[in-house]
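# give me a model of this one.
(2 chains)
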Amino acid sequence: NAGVMQNPRHLVRRRGQEARLRCSPMKGHSHVYWYRQLPEEGLKFMVYLQKENIIDESGMPKERFSAEFPKEGPSILRIQQVVRGDSAAYFCASSPRTFGTGELFFGEGSRLTVL
Amino acid sequence: GESVGLHLPTLSVQEGDNSIINCAYSNSASDYFIWYKQESGKGPQFIIDIRSNMDKRQGQRVTVLLNKTVKHLSLQIAATQPGDSAVYFCAELSYNTDKLIFGTGTRLQVFP
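Numbers count the residues shown, from 1 in each chain, chains lettered A, B, ... in the order given. Modelled structure (predicted):
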């Protein structure tokens, strides 16, 4: 859905560098979800955030990964000291309120390649 | 439940035929189910949803069937077209967690 904007669309990093992925939700949406997708696999939940709060981070690796959704500006998924296994497509989705009504709107994804 | 590194199963159908894509979900307490379509290089796109208190819902050319007894969800596409070629994912949600969990996915190939 063009309404959820993710950038960069493609990012190449060397092992040990940092990757920052940004997600601007649809206008009026205060709930953001991050998913990771490996080639030929489904989307795996990582984290659910509301403005200034992390609601559920049960899918986030314990180390090197962090996410935020500040009061102003986009949500950021940050991966420190990247390794080759971090290469994947990272999708952001937003919804206007607590889920349960209506669909989740996805962005086009950010594809991270770690050399 | 969560996909765990399996190669996607593939369904090949002839243009004009009906397609049926199946999904087994994991949580009997899930309240809400969604089918998504994902084209190559793009994000998932909503197709149709169904609540757990329903067993069937119809959209334009698509029908979703829910069988809670065996935890099975299916997506039927009528008169399949080349533009339907994509990977299709089912997803389940429990209102308690507000977390959408995706299934493994099925690749649909439509040939003339």
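
# can you name the residues of chain B sitting close to chain A?
By Cβ under 8 Å from any Cβ of the partner chain, the residues of chain B that approach chain A are B:2-3, B:5-8, B:31-32, B:34, B:36, B:41-46, B:49, B:89, B:93, B:95, B:97-105. No exception for glycine: its C-beta is placed from N, CA and C like everyone else's.

# next step: those restricted to helices.
Among the residues of chain B next to chain A, DSSP state H puts none in helices.

# so among the residues you listed, which ones count as buried?
The neighbour count (16 or more other Cβ atoms under 10 Å in any protein chain shown) marks B:3, B:8, B:31-32, B:34, B:36, B:42-44, B:46, B:49, B:89, B:93, B:97-105 as buried among the residues of chain B next to chain A.

# so for stretch A:46-56, mean pLDDT?
Stretch A:46-56 shows a mean pLDDT of 92.

# what about it, how long is it end to end?
8 Å (Cα to Cα, to the nearest Å).

# ok, and does it reach over to chain B?
Yes - using Cβ under 8 Å from any Cβ, stretch A:46-56 reaches chain B at A:48, A:55-56.

# out of those residues, who has the most neighbours?
residue A:48 (25 neighbours; other Cβ atoms under 10 Å in any protein chain shown).

# hmm, that one is touching residue A:56, no?
Yes - using Cβ atoms under 8 Å, residue A:48 makes contact with residue A:56 at a distance of 4.3 Å.

# now do the lowest-mean-pLDDT helix or strand in chain B: distance to the chain's middle.
When the helices and strands of chain B are scored by mean pLDDT, DSSP states H and E, strand B:99-102 comes last with a mean of 86. From the chain centre to the centre of strand B:99-102 is a distance of 13 Å (Cα atoms, centre = their mean, to the nearest Å).

# just checking, what packs against that strand?
For strand B:99-102, the packing partners by 3 or more Cβ pairs under 8 Å, 6 or more residues apart in numbering or on different chains; DSSP states H and E come out as strand A:31-37, strand A:43-50, strand B:86-94.

# in chain A, which spans are strands?
Listed in chain order, the strands of chain A (DSSP state E) span A:5-7, A:10-13, A:19-24, A:31-37, A:43-50, A:53-56, A:65-68, A:75-79, A:88-95, A:105-106, A:110-114.

# whoops, chain B was the one
All strands of chain B, identified by DSSP E, fall at B:10-14, B:19-24, B:32-38, B:45-51, B:56-58, B:62-67, B:72-77, B:86-94, B:99-102, B:106-111.

# ok, the longest one: who's next to it in the sheet?
Which is strand B:86-94. Counting by DSSP bridges, the strands paired with strand B:86-94 are strand B:32-38 (antiparallel), strand B:99-102 (antiparallel), strand B:106-111 (antiparallel).

# next: the first one.
Based on DSSP bridges, the pairing partners of strand B:10-14 within the sheet are strand B:106-111 (parallel).

# contact partners of the partner strand?
With contacts defined as Cβ atoms under 8 Å, 6 or more residues apart in numbering or on different chains, strand B:106-111 is touched by B:8-15, B:19, B:21-23, B:77, B:80-82, B:84-88.

# any low-confidence regions in the chain?
Answering for chain A, as no chain was given. Chain A contains residues with pLDDT under 70 at A:1-2, A:98-103.

# chain B is the one I meant
Scanning chain B for pLDDT under 70 picks out the ranges B:1-7.
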